[in-house]
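# whatever this is, show me its structure:
(2 chains)
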Amino acid sequence: MQTSERKKPNYLNAEHTVASWLLTVDHKRIAILYLVSITLMFFIGGLMAGAIRTELLTPAGDLMSSDTYDKAFTLHGIVMVFFFLIPSIPATLGNFLVPLMIGAKDLAFPRLNLLSWYVYIVGATIGIVATVTGGLDTGWTLYTPYSTAYATTNVVLPAIGIFITGFSSILTGLNFIVTIHKMRAPGLTWFRLPLFIWAHYATSIVMVLATPVIAITVLMVVLDRGFGLGIFDPKAGGDPVLFQHLFWFYSHPAVYIMILPAMGVISEVIPCFSKKRIFGYNFIAASSLSIAVIGFFVWGHHLFTTPQSMYAAMAFSIISFAVAVPSAVKTFNWAATMYKGSITFEAPMIYAFGFMGLFLVGGLTGLFLGALGLDLHVHDTYFVVAHFHYIMVGGAIMAYMAGLHFWWPKITGKMYPEGPAKAAALIIFVGFNLTFFPQFLAGYAGMPRRYHYYPPEFQIFNVLSTAGASILGFGYLLPLCYLLWSLRHGREAGPNPWGATGLEWMIDSPPPPHNFDTTPVVNWEPYDYPAAHRDAAKDAVPEAASV
Amino acid sequence: MPKHSYNPQAAVRAYLTVFSCLMGFTALTVAAAFVDLGPMNNVVAMAIAVTKAVLVAMIFMHLRGGSPLNVLWISSGIFGFMIMLAFPLLDLLSRNILGIPGK
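Numbering: from 1, shown residues only, chains lettered A, B, ... in the order given. Coordinates of the predicted model:
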C-alpha cells in the first residue's frame, strides 16, 4: 500500500471501481475495454474455426449436419470480420495511442469514444446471440436473394447487430479524424506525425465514408425480407447484383480498415528494431492515403462471376491491379529501412517479419483474383479462402500481435517474457502457413468453399490444414497466458524499454491519467533513430527526464 | 460565418427562413408528383432534393463561411457517394451491350 502511494498515479490505478471503468472517458481505459471485448470475440470466432477445421478432417460430413456447418462458418465469418478484425487495431491500439502519439490529453470527443464502445457491445451482443440462438446460414456476406427470400434462419437480428456495430466504427473514425486535425502538439506538423497516425487517418476516412453504406445495405436486406420491398428481387424490378455492389462497396474497403492500421504498426516496429530511420517516410504516408482512396474503386472484382458487365469488370480489374502499387511501396520501404540496420529479433519484430511474408503472399495472390480470366477458375474455391486469410489473419492479426507486444510495456507498465513470446510468434507463423497454404492448392485444384462434404482426393490438403489450425490455435493461446502472467509477474518496463522514438515513449508506463502534465513541443523529425532526438525530447516533456 | 460576427438573432432568422424553404420544397415535391412530366419527373424531383440538400449543408451544417476543411470533408463524402452511384451505373448501362447473354 505504501509502495503504491509513493508511485505516481497512472490510468490503471487512478480509480478502482467497476463504475470507473464502465463510465470512463479516458481513451486508454476505453482501449482496454475494447481489448477485452475483441479478445472474447476472437476466441468465439476461433472456436467456430476449430469446429469447421475438425469437420473438414474427413471427406464425409460426420461431425455436424450441413445446416449446422453453414451456421458455423457464418458465425465464424461474422464474428471475425465485424466484431474482431474491423475494431481490432483501431479500437484498441488506435484508441490507446493516437492521443499519446500526437501529444494530446485525450481524443477530441471522449464521451463519443465511450459511446462507440457501448454501441459496439450492443451490436455484437445482438449479432452473436441471434446467430447462436437462431443461427444464420447465409455466410457473412448475406448474399441476396438467399438472405432476403429463401433463408429460413435468423437473418434479421444478426443484420441489425451488424447495422448497430457499424455506428461504433463511424464514431471511432470521426473521433480520430478530428483529433488528428485539431489536437496535435505544437510543432507536430503533418510530416512529423508517426506513420501509425497517418495509417489511422487513412483508415478513418474509409470508416466514415464506407461504413454507412453497409449499414443501409443490411437495412435494405431487412426491409426486403420483412416487408417484401423487392429492392434486390428481380420479380419486383430489383437487382440481386445491386446488393453485391453495395455490400462490397463497404466490404472491400473494410479490408483496408483491417490492413491499413496493421501497416501503421509495422511502420513503427521495423525502424525501432532496425535502429534506423524509416526509409521513404513521405511515400509511406502517401501510400496509406492512396490505398484508402483507390480501395474505393476496386470492389467489383468480387463480382466477376455475376452478370456484371464486362466493361465494368475490366475497369475494376485494372484498378485492382493499381491498388497493389501503394502496398508494394510500403513493402519495399520497410525492406529498405532494414537494409544495413542494426536488426534485433524481439517478438514484435518477429511478428513484423511474419506480417511482411504473409502479406506479400496474400497480396500477390490477390492479383490472381483481380485477373478476370483466372478469377473465374478459382472463384468461390479454397484459393479465395486462403488468399483472404493471408491478408486478414496473416497480415492484420500478425501486425496486431506485433503491436500488442510492442506497446504492451507502455499499456501495462510490465514486460512480457521474451522467450515464450518469440516461441509463440514462430508457432503462429508455422501454424498459419500449414493451415492456409494447402488451401491454395486445394482451391486451385477445384475444392469449393462452404461445403463440408468433399471428394477424397482433397483430404490430404484438409488434414494438413486442420493440423496447422491446431498449431495455430495453440500459438494464439500462448500470448493469452503469458501476457496475463506478465501483469502480475512481469518486470517493470520503464518509460521506454525499446529505445523507441515517439511521444508515447517519453511518458511513464503506464501513462498518467491525462497523458502529459505539460503540452509537449515537438522540434525533431520522426523516426530519428538511433534516438538522436532524446535530449530535445527531455527538454520538451518534463517526464522524459527519467527516460 | 466567422465567430466574431456571430449574431444569434440573425442565425435564428436564417434557420427559420431555411426551414420554411425546406417545407415549401417538400410541398413542391408532393405537387410535382401529381403532374405527369414524363422523363422530367425524376429530373424535377432530383433538382428539388439537391436544392434542399444544399440548403441544409450550407446553413444547418454551417458550410457557408465555415472552415475550408469542412467543405473538403463534405466534398469527399459527396465524391464517395458519386463513386457508389457511378460504378453500378457503369455496370447496369453497359450490360448486354454485345447482345451476348450475361455480357
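# domain ranges for chain B?
Per the record, chain B has its domains at B:1-66, B:67-103, by automatic domain parsing.
# including mean neighbour count, could those go into a markdown table?
Where you see a C-beta, it was placed from the backbone N, CA and C, and this is true even at glycine. A markdown table is the format used below for the domains of chain B (neighbours: other CB atoms under 10 Å in any protein chain shown):
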| stretch | mean neighbour count |
| --- | --- |
| domain B:1-66 | 12 |
| domain B:67-103 | 14 |
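# between the ones you listed, which gets nearest to residue A:8?
Proximity of the domains of chain B to residue A:8 was assessed by CB to CB; the nearest stretch is domain B:67-103, lying at 37.3 Å.
# hmm, that closest one touching chain A?
Yes: Domain B:67-103 comes into contact with chain A when judged by CB under 8 Å from any CB of the partner chain, the residues involved being B:69, B:73, B:76-77, B:80, B:83-84, B:87-88, B:90-98, B:102-103.
# next one: that domain to chain centre, how far?
On the basis of CA atoms, centre = their mean, to the nearest Å, the separation between the geometric centre of domain B:67-103 and that of its chain is 16 Å.
# hang on, the earlier thing: as JSON lines, the domains of chain B with distance to residue A:74 would be great.
Shown next, in JSON lines, are these (distance: least, CB to CB, whole Å):
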{"stretch": "domain B:1-66", "distance to residue A:74": "38"}
{"stretch": "domain B:67-103", "distance to residue A:74": "26"}
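# export those domains to JSON lines and tack on mean pLDDT?
Formatted as JSON lines, the domains of chain B follow (pLDDT from 0 to 100):
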{"stretch": "domain B:1-66", "mean pLDDT": "88"}
{"stretch": "domain B:67-103", "mean pLDDT": "85"}
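# per-residue confidence for residue A:547?
Residue-level confidence at residue A:547 comes out at 34, pLDDT.
# if you could redo that for residue A:228, that was the one I meant.
pLDDT, the model's per-residue confidence, is 89 for residue A:228.
# could you do residue A:95 as well?
Residue A:95 is assigned 97 on the pLDDT scale.
# quick one: it is in a helix?
Yes: secondary structure of residue A:95, determined by DSSP: H, G, I helix; E, B strand; the rest coil: located in a helix.
# surely it meets residue A:106?
No: Residue A:95 is beyond contact range of residue A:106, at 10.1 Å (criterion: CB atoms under 8 Å).
# who has more neighbours, these two?
The neighbour count for residue A:95 versus residue A:106, taken as other CB atoms under 10 Å in any protein chain shown, is higher for residue A:95 (29 against 21).
# ok, is stretch A:224-236 in contact with chain B or not?
No: counting by CB under 8 Å from any CB, no contacts exist between stretch A:224-236 and chain B, the nearest distance being 12.6 Å.
# for that stretch, list every residue counted as buried.
Along stretch A:224-236, these residues count as buried under the neighbour rule (16 or more other CB atoms under 10 Å in any protein chain shown): A:224-225, A:230-233.
# again, but for stretch A:424-434
Residues of stretch A:424-434 classed as buried under the neighbour-count rule (16+ other CB under 10 Å) are A:424-425, A:427-429, A:431-434.
# chain B: which of those is nearest?
Checking the buried residues of stretch A:424-434 against chain B by CB to the nearest CB gives residue A:432 as the nearest, at 34.0 Å.
# what's the spacing between the closest one and residue A:17?
The gap separating residue A:432 from residue A:17 is 41 Å, by CB to CB, to the nearest Å.
# which strand or helix spans residue 75?
Picked chain A for this. Using DSSP states H and E, residue A:75 sits within helix A:66-78.
# ah, no, chain B please
helix B:68-93.
# coming back round to it: in JSON lines: the buried residues of stretch A:424-434, plus pLDDT.
Written out in JSON lines, the entries for the buried residues of stretch A:424-434 read as follows (pLDDT from 0 to 100):
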{"residue": "A:424", "pLDDT": "98"}
{"residue": "A:425", "pLDDT": "98"}
{"residue": "A:427", "pLDDT": "98"}
{"residue": "A:428", "pLDDT": "98"}
{"residue": "A:429", "pLDDT": "97"}
{"residue": "A:431", "pLDDT": "97"}
{"residue": "A:432", "pLDDT": "97"}
{"residue": "A:433", "pLDDT": "98"}
{"residue": "A:434", "pLDDT": "98"}
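# tell me which residues touch residue 51, please.
By default, I'm working from chain A. A:63-64, A:72 (CB atoms under 8 Å, 6 or more residues apart in numbering or on different chains).
# please go with chain B instead
Contact analysis of residue B:51 by CB under 8 Å, 6+ apart lists residue B:25.
# report the contact partners of residue A:254.
Contact analysis of residue A:254 by CB under 8 Å, 6+ apart lists A:81, A:86, A:206, A:210, A:214.
# closest to chain B out of those residues?
If you rank the contacts of residue A:254 by distance to chain B using CB to the nearest CB, residue A:210 comes first, at 7.3 Å.
# number of nearby residues for the closest one?
Per other CB under 10 Å, the neighbour tally for residue A:210 reads 27.
# check which helix or strand it maps to.
Counting by DSSP H and E, the element that carries residue A:210 is helix A:195-227.
# where exactly do the helices run in the stretch 101-250 of chain A?
The residue ranges that make up the helices of the stretch 101-250 of chain A, judged by DSSP state H, counting those that start in this stretch, are A:110-133, A:156-182, A:195-227, A:240-274.
# now do chain B
Along chain B, the segments classed as helices by DSSP state H run B:8-33, B:40-55, B:68-93.
# which one, of the ones you listed, ends up nearest to residue A:412?
If you check each of those against residue A:412 by CB to CB, helix B:68-93 wins as the nearest, at 36.1 Å.
# can you list the weak-confidence ranges in the stretch 401-547 of chain A?
A:531-547 (pLDDT under 70).
# for chain B, what's the nearest residue on it?
Taking CB to the nearest CB as the measure, the point where the stretch 401-547 of chain A comes nearest chain B is residue A:448, at 20.5 Å.
# can you tell me who that residue pairs with across the strands?
With beta bridges defined as DSSP bridges, residue A:448 has these partners: residue A:381.
# next up, the contacts around residue A:182.
Residues touching residue A:182, when contacts are defined by CB under 8 Å, 6+ apart, comprise residue A:108.
# dihedrals phi and psi, residue A:10?
According to degrees, to the nearest 10, the main-chain angles of residue A:10 amount to phi -120, psi 180.
# please report how far it lies from residue A:495.
Going from residue A:10 to residue A:495 by CB to CB gives 11 Å.
# which parts of the stretch 251-400 of chain A are helices?
Under DSSP H, counting those that start in this stretch, the stretch 251-400 of chain A gives helices at A:281-294, A:310-322, A:324-338, A:347-370, A:372-378, A:382-391, A:398-412.
# I'd guessed residue A:520 sits against residue A:505; true?
No: using CB under 8 Å, residue A:520 is not in contact with residue A:505; the gap is 11.8 Å.
# which phi and psi does residue A:414 have?
With angles defined as degrees, to the nearest 10, residue A:414 sits at phi -120, psi 150.
# how about the contacts made by the residue nearest to it when sequence neighbours are not counted?
The spatially closest residue to residue A:414, leaving aside those adjacent along the chain, is residue A:490, at 3.3 Å (CB to CB, 6 or more residues apart in numbering or on different chains). Under the criterion of CB under 8 Å, 6+ apart, the contact list for residue A:490 reads A:412, A:414-417.
# whatever residue of the stretch 51-200 of chain A ends up closest to chain B: how many residues sit nearby?
Checking the stretch 51-200 of chain A residue by residue against chain B with CB to the nearest CB singles out residue A:181 as nearest, at 6.7 Å. As a burial measure, residue A:181 scores 14 neighbours (other CB under 10 Å).
# then the one 3 residues further on?
Number of residues near residue A:184 (other CB under 10 Å) recorded here: 19.
# how about it, nearest residue that isn't a chain neighbour?
For residue A:184, the nearest residue in space outside its immediate sequence neighbours is residue A:102; the separation is 4.6 Å by CB to CB, 6+ apart.
# just name the most buried of the helices of the stretch 101-250 of chain A.
Sort the helices of the stretch 101-250 of chain A by mean neighbour count, taking mean count of other CB atoms under 10 Å in any protein chain shown, and helix A:240-274 sits at the top with a mean of 25.
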